[in-house]
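> here is a sequence with its predicted model. Questions after.
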Amino acid sequence: MLVDGQGQILEVAVASDELEGCVDHSWVGRNWADTVTEEGGAKVREMLQQSVAKRGVPLRRDVVHRLADGSELPVQYRLVGLAGDDRVLAVGQDMRPVTNLRQQLLNAQQALEQDYWRLRQVETRYRRLFEMVSDAIIVVDDASGRVLEANPAASELLGTEGQSIVGKPFPMGFDDRGTAAVNDLLAEIRTVGKGSLSGLRAGSGEATLTVTASFLRQGGEARFLVRLTDTTGGAAGGAPGADRYLQETLWRAPDAVIQTDADGRILATNQSFLDLAQLVSEEQALGHSADRWLGRSGVDLNVLLTNLRQRDAVKLFASTLHGEHGTSADVEVSACRVNGAQQPVFAFFIRDIGRRVGSEHPMSHQLPRSIEQVTQRVGRVPLKELVRESTDIIEALCIEAALKLTRDNRASAAELLGLSRQSLYAKLRRYGIGGGEVEAE
């Protein structure tokens, strides 16, 4: 642009095709300060004064033009006062690419800062929970076999006089038999992913430990997450070993028992559940959602968990338990909630009622005798079949009522129902009403 001493634009020339569509040639004859933003007006006047005062010395300034469509055009100008008069030559460069790069950099910096603080918060929560857990938790590096992280409970249980065990080789703190068993467990879970051992003795001989371990692989590195639970002694206020006897009782109980976390993932089972679910060992069930085996559909477990969160206990919930090899059994589920130190734990008591015969559980080949019996079959029988059974029940009840009203006069009953006698006799035989004999003509 060629600008006079008062800031009036005398000429405008554009060398870029992209910039040609943005520069308004109606600027010619207008004051330069009127073509920029309010903040840029003062900057333009200052530039003109300095360029006139310092002729031949180039000045560099950034201003933002306000275009006719309301958009903005950032331009970096170099100003040179022309010798012999008060005119100023202003050569501008489009700064939109640079501005976009600056904005992208600013957005990236803000995103990084948000991610940084989010990770700090997650790490703080993780550290706090890690320290609050009453069980001993250890993270072991698979390559070196050394402890990478350990909470205070782990250092107190396995360390010498409470010293930190971080950096030391694992397993430690067990007797010879326990050390060998833990090494075998770690080797096994490299393949199966998770496993546990119980009844291990600490090196001091004073504690009985249960070891649960998981294998984690992330970012090309492998870790063992190990939890140690001290099972020495009994329940508070009870006889010594009472907790052990209770565990043994539940393990040998004739009804299936499972223990899950708040999300329904199995923490422990007994032998009866393994038999019903056709599983070989408890490790096959640990960590899996209970609805893999329990429930006529995925809804049953959600219904049970919701009620347990609200009422603490559920009794006599009818459901189905599916075996690993395709068999299924009708079961009755009772459950309760136990509030643990960190989160609630749910215990499910599952009874096989497949061989139970009674009026409330009719044989599958017989027609239900009431709508209540039909509703009890929801989830076990498809809806189409339930609708057909309901229709048959209503039809049979109407025929019985017609026979009662006509004192077992079948001709009158057929007329009352709007049926032919042959149709009525067919339905009598179908439903087994009155023997279903066809009367002689």
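Yes, it's here.

> switch to C-alpha atoms for all contacts and neighbour counts from now on
Noted.

> show me where the chain has helices.
17-20, 38-53, 96-132, 152-158, 176-192, 242-252, 271-276, 299-311, 371-375, 383-405, 410-417, 421-431 (DSSP state H).

> as CSV, these with distance to residue 78, mean pLDDT and mean neighbour count would be great.
CSV is the format used below for the helices of the chain (distance: least, Cα to Cα, whole Å; pLDDT from 0 to 100; neighbours: other Cα atoms under 10 Å):
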stretch, distance to residue 78, mean pLDDT, mean neighbour count
helix 17-20, 17, 75, 11
helix 38-53, 10, 75, 17
helix 96-132, 17, 84, 12
helix 152-158, 66, 80, 21
helix 176-192, 68, 85, 15
helix 242-252, 86, 69, 14
helix 271-276, 84, 88, 20
helix 299-311, 71, 85, 15
helix 371-375, 87, 66, 14
helix 383-405, 82, 83, 15
helix 410-417, 104, 85, 17
helix 421-431, 103, 87, 16
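
> need those in JSON lines with distance to residue 336, can you?
Shown next, in JSON lines, are the helices of the chain (distance: least, Cα to Cα, whole Å):
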{"stretch": "helix 17-20", "distance to residue 336": "73"}
{"stretch": "helix 38-53", "distance to residue 336": "70"}
{"stretch": "helix 96-132", "distance to residue 336": "26"}
{"stretch": "helix 152-158", "distance to residue 336": "29"}
{"stretch": "helix 176-192", "distance to residue 336": "31"}
{"stretch": "helix 242-252", "distance to residue 336": "14"}
{"stretch": "helix 271-276", "distance to residue 336": "17"}
{"stretch": "helix 299-311", "distance to residue 336": "7"}
{"stretch": "helix 371-375", "distance to residue 336": "25"}
{"stretch": "helix 383-405", "distance to residue 336": "31"}
{"stretch": "helix 410-417", "distance to residue 336": "52"}
{"stretch": "helix 421-431", "distance to residue 336": "43"}
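
> and the pLDDT at the nearest residue in space to residue 149 that is not next to it in sequence?
Spatial nearest neighbour of residue 149, chain neighbours left out: residue 139 (5.1 Å); criterion: Cα to Cα, 6 or more residues apart in numbering. If you check residue 139, the pLDDT there is 90.

> so what's the residue count around residue 139?
Residue 139: 22 surrounding residues under other Cα atoms under 10 Å.

> now swap in residue 32 and tell me
Residue 32: 23 neighbours (other Cα under 10 Å).

> and if you look at residue 170?
Residue 170: 21 neighbours (other Cα under 10 Å).

> what does the model give it for pLDDT?
87.

> could you list every residue that touches it?
Contact analysis of residue 170 by Cα atoms under 8 Å, 6 or more residues apart in numbering lists 140, 145, 146, 147.

> measure it to residue 151 for me?
15 Å (Cα to Cα, to the nearest Å).

> ok, the residue nearest to residue 149 to residue 293 distance?
32 Å.

> phi, psi for residue 86 please.
phi -100, psi 20 (degrees, to the nearest 10).

> give me the nearest residue to it, chain neighbours excluded.
residue 5 is the one closest to residue 86 (Cα to Cα, 6+ apart), at 5.0 Å.

> repeat that for residue 318.
Of all residues not flanking residue 318 in the chain, residue 332 sits nearest, at 4.7 Å (Cα to Cα, 6+ apart).

> please report how far residue 147 lies from residue 221.
According to Cα to Cα, residue 147 and residue 221 sit 14 Å apart.

> which among the helices of the chain is found nearest to residue 229?
Of all the helices of the chain, it is helix 152-158 that lies closest to residue 229, at 9.7 Å by Cα to Cα.
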